[in-house]
Structures are given as structure tokens and as C-alpha cells.
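# Sequence first, predicted model second:
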Amino acid sequence: MAKKPTSLEKNVNLRHNMALILVIFACILSSLTIFSISKGKFTGLFQKHIMNIFFAIFIYLLFIRIKIPRRYFLVYYLITIILLLIPLFTSPYPKRWIKMPVFSFQPSEIAKVPFLISLPVFLQNKENVKFKDSIYLFFLCFLPFLLVLIEPDMGSSIFYIFMFFMIILVRKTDINVRLFYIIPPLSLIFSFNYITFIFFLIILTVFIIYVKIRRLFAFCFILISIFIGLATPFVWSKVLKDYQRERIKVFLNPSLDPKGAGWQISQGLIAIGSGRITGKGFMKGMQKGLAFLPAAHTDFIFASFAEEFGFIGSSILFAIYFLFFWNLIFILKYTDSFSLIFSVMVIFSYLYSFSLNLGGEMGIIPLTGIPLPFFSYGGTSMVTNFLLLSLFRNFQRSFFYKR
């Protein structure tokens, strides 16, 4: 006889169901936007988007109760690497998408699934992340980063490095290990201006004294910072060529390229601003209608939505995502060691895509081409996001089985 679910289990299942309902609601709003972009045609873009959503929901239901092994780290990781190697050995090179007779897919997006399973398998029996473990972990994240960067896909590649830093910060880790990885990138950021770099060194020194870091480590941290601070200006002015410096400047500040990335962001901001409070109305957006808004169904889909539904519609969309994340974070309290690591990584994956897409559309951060989860057009992204949500629920259920 099946055991009756407790009130706690019912509450957690309700949170899972609420998260699913919220993302389906987001998919409905995205379908309206895609329909408008398609100029009211039920074929082509809109039809494919609807098919992608239904297939993604089917994948969600399929994997929600399948028993997924929590061992075989090497198998999951090798699947990740094989998926990321596929674009490097296909013609023409380089390419991000692989075209099949019936469909096309983006390997770097699908590879997130086995990658996000492999790391919890690696970490589940470790109470804390020691320095030796962190070295292994870094290279486990660096290899996928490098393979995706070669494609080239900067936005997707940075995901793997950010995932490494997330684990270092969230998991129980020695302060010396955390500083070993955090100080170099911070030193690099502040090293482009001598005044800010000096202030950074002063703050770093005070912090090291305050937390009572061992002298050897403290000396190494300060020495590394000084080396990076001196080397960065030299590499920038003497090693990098002019065109390389220009590429970096444009990536960090798209407005320097008014006919390229800067123009795209300008059109996106015009679309968002022109929506005002209530929007121009469904099917009445001018920026996408006159083809001023680039990639209106993918990179700038929020701008397309905001133009027609305005501040009120945008607020509703933000509320959907807020409640979605709130429900997932609530569920974190009822997870075991493995599912906790996996669940945190999945939430971070959604937050990463959400922040980079909206930040890029609003001109806050550089454009990366990262899709908005459960909203942007794209079958691979939609299926991957629903699959991760399904596995999130699948792995979490073990918390009640083991009690």
C-alpha cells in the first residue's frame, strides 16, 4: 500500500506545481509575443514556437519520475564534453547549431544538463571543498568553458566559469580557497586604473588583517594582486593589438559601435520606452513591425513584449519570474546533499540567463545572445529549461523517500 503524502510533502508538491504553472504562463505570454512578431500568422515562427513548448512539456513529464543514477560522474562529464566537441568537428566550422534532417539543436545548451548532474555527483560525498578539490573543480568547469568559447559563444561559455565561482561561494569552503580564486579577477577589474587599484589593495590588506589570514597566504594574495595590477596595463598597451583592444572595448561598451551592437541596444531601449504604462497594444508594436528591432523573437523578445504591453505587462512578467524563483528557493529547504547542490545550480542557471538577457536588452551589461528562460524563441533552450525543471523535481523527491 502506497504511503500517504504528509502535509509537508503536499506543500512542497504545491510549490513544484506553482513553479510549473508560472513558467507555462510565461510561455503563453511569449507565444502572444511571437504571434505578434509573426504578424498574426499561425504558420512559420509561431507554429514552431508552439511545437517547441508542447515538446518541452512532454520532456518535463517524461523525466519527472525516471530514476536518474546519482553515480557515474565520469559518464555524465564525458557526455558533456562529447556534446561540446560536436560543433568543432562539423562543417562548416565554426558553428553553434547542428542541423539534422528534421530539426536543429544547440549542443552547448543541451550540454548544461549532464554538466549540472556531474558536479553534484563529484561533490555529494564531500563535506567541504578543499584546495585539492577546488583545483579539480576548476578544470572540470574550465574545459567546457574553453570548448564553447572556441565555437565561439562568449555568453554560454562564461556560464561554466560562473558556475565554478557559485560552488566556491555557496558550498562550505575554506576562506583561503575562496580568496585564492576571487582575488585574481577582482585585481584584474581594478587594475585598469591606478587609483582604484591602490584603494583595492588597501581594502584587501585591511580585510586580510581583519579575518586573520595566515601570513603565508596573506603574503601570496597581496603579491598576486600586485603582479596582476602591474601586468594588466602592460599587456593592454604592449601585447594586445589595436583591433583586439577595440573588440574588448565594444564588448564592454556597445555604444562605441553605433552601427553594430550599440544600434541594437538603442532600438531595444526605444521599444521598451515607447511602451510607456499600458503599451501600444497587442499586434501594434512599431519597432519590430518596421524591422528596426533586431532578433525580436530571441535576444530582444522582452523589448518586443514591453513595447506592446508596457510597464504593466512588464511588471506582470517580472512578477511571474519572481514568484517562480521564490517557489524554487523555498523548496531548497527540503533537499538532500545531492539534490541541494543540483537545485542551487539549476536556480543559478535560470538566474544567469534571466540576468544576462534582460541586462543586455536594457544596456546594463554587454549583449551576449543568451535567451530569456521559458520566453525566448528556441527549441533547444526551451527543452533544456523544462528538462532541468523536471530533474529539479525528480531529485528533490528523494528527500521524502529517505526520511
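Thanks, I have it. These figures come from a predicted structure and were not determined experimentally. Numbering: from 1, shown residues only.
# what separates the helix or strand where Leu83 lies from the chain centre, distance-wise?
Taking DSSP states H and E as the definition, one finds Leu83 inside helix 73-85. Taking Cα atoms, centre = their mean, to the nearest Å, one finds the center of helix 73-85 at 19 Å from the center of the full chain.
# Using PDB, write down the CA coordinates of it.
What follows is helix 73-85, C-alpha atoms only, in PDB (Å, rounded to 0.1, in the frame of the first residue of the first chain):
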ATOM      1  CA  PHE A  73      30.400  11.100 -12.600                       C
ATOM      2  CA  LEU A  74      32.800  10.300 -15.500                       C
ATOM      3  CA  VAL A  75      29.800   9.200 -17.700                       C
ATOM      4  CA  TYR A  76      27.900  12.500 -17.200                       C
ATOM      5  CA  TYR A  77      31.000  14.600 -17.700                       C
ATOM      6  CA  LEU A  78      32.100  12.700 -20.900                       C
ATOM      7  CA  ILE A  79      28.600  13.200 -22.300                       C
ATOM      8  CA  THR A  80      29.100  17.000 -21.700                       C
ATOM      9  CA  ILE A  81      32.500  17.100 -23.400                       C
ATOM     10  CA  ILE A  82      31.300  15.000 -26.400                       C
ATOM     11  CA  LEU A  83      28.300  17.300 -26.900                       C
ATOM     12  CA  LEU A  84      30.600  20.300 -26.900                       C
ATOM     13  CA  LEU A  85      33.100  18.700 -29.300                       C
END
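# The residue positioned nearest the centre of the chain: which element?
Central residue of the chain (Cα atoms, centre = their mean): Tyr352, 3.0 Å from the mean position. Secondary-structure element containing Tyr352, defined by DSSP H and E: helix 337-361.
# Measure how far whichever helix or strand comes after that helix is from the centre of its chain, please.
The C-terminal neighbour of helix 337-361 among helices and strands, as given by DSSP H and E, is helix 379-396. Centroid separation between helix 379-396 and its chain, computed with Cα atoms, centre = their mean, is 14 Å.
# so what does helix 379-396 touch, helix or strand wise?
helix 7-37, helix 45-63, helix 107-110, helix 112-123, helix 301-331, helix 337-361 (3 or more Cβ pairs under 8 Å, 6 or more residues apart in numbering; DSSP states H and E). (C-beta placed from N, C-alpha, C; glycine too.)
# what comes into contact with the shortest one?
Going back to what we said before, that points to helix 107-110. Helix 107-110 is contacted from outside by 83-84, 86-87, 96, 98, 148, 151, 153, 156-157, 380-381, 383-384, using Cβ atoms under 8 Å, 6 or more residues apart in numbering.
# what's near enough to touch the residue nearest to the centre of the chain?
For Tyr352, the contact set (Cβ under 8 Å, 6+ apart) comprises Phe159, Phe162, Ile370.
# just Pro373 next, same as before
Contacts of Pro373 by Cβ under 8 Å, 6+ apart are Val23, Tyr350, Ser353, Phe354, Ser381, Asn385.
# So it versus Ile24, what's the distance?
The span separating Pro373 from Ile24 equals 13 Å under the rule Cβ to Cβ, to the nearest Å.
# Kindly report the same for Pro120.
27 Å.
# of these two, who's got more company?
Pro120 (22 against 14; other Cβ atoms under 10 Å).
# Check what pLDDT the spatially closest residue to that one that is not a sequence neighbour gets.
Spatial nearest neighbour of Pro120, chain neighbours left out: Ile341 (3.9 Å); criterion: Cβ to Cβ, 6 or more residues apart in numbering. With respect to pLDDT, Ile341 scores 88.
# Direction-wise, compare the helix holding Tyr352 with helix 7-37 and give the angle.
Between the direction of helix 337-361 and that of helix 7-37, the angle (axes from the mean of the first three to the mean of the last three Cα atoms, to 10 degrees) works out to 30 degrees.
# Buried residues in helix 337-361, which are they?
Counting neighbours by 16 or more other Cβ atoms under 10 Å, one finds that the buried residues in helix 337-361 are 338-354, 356-358, 360-361.
# Over to stretch 205-213?
By neighbour count with 16+ other Cβ under 10 Å, stretch 205-213 contains the buried residues Ile208, Ile213.
# what's the answer for stretch 265-275, then?
For stretch 265-275, the neighbour count (16+ other Cβ under 10 Å) marks Ile265, Gln267, Gly268, Ala271, Ile272, Ser274, Gly275 as buried.
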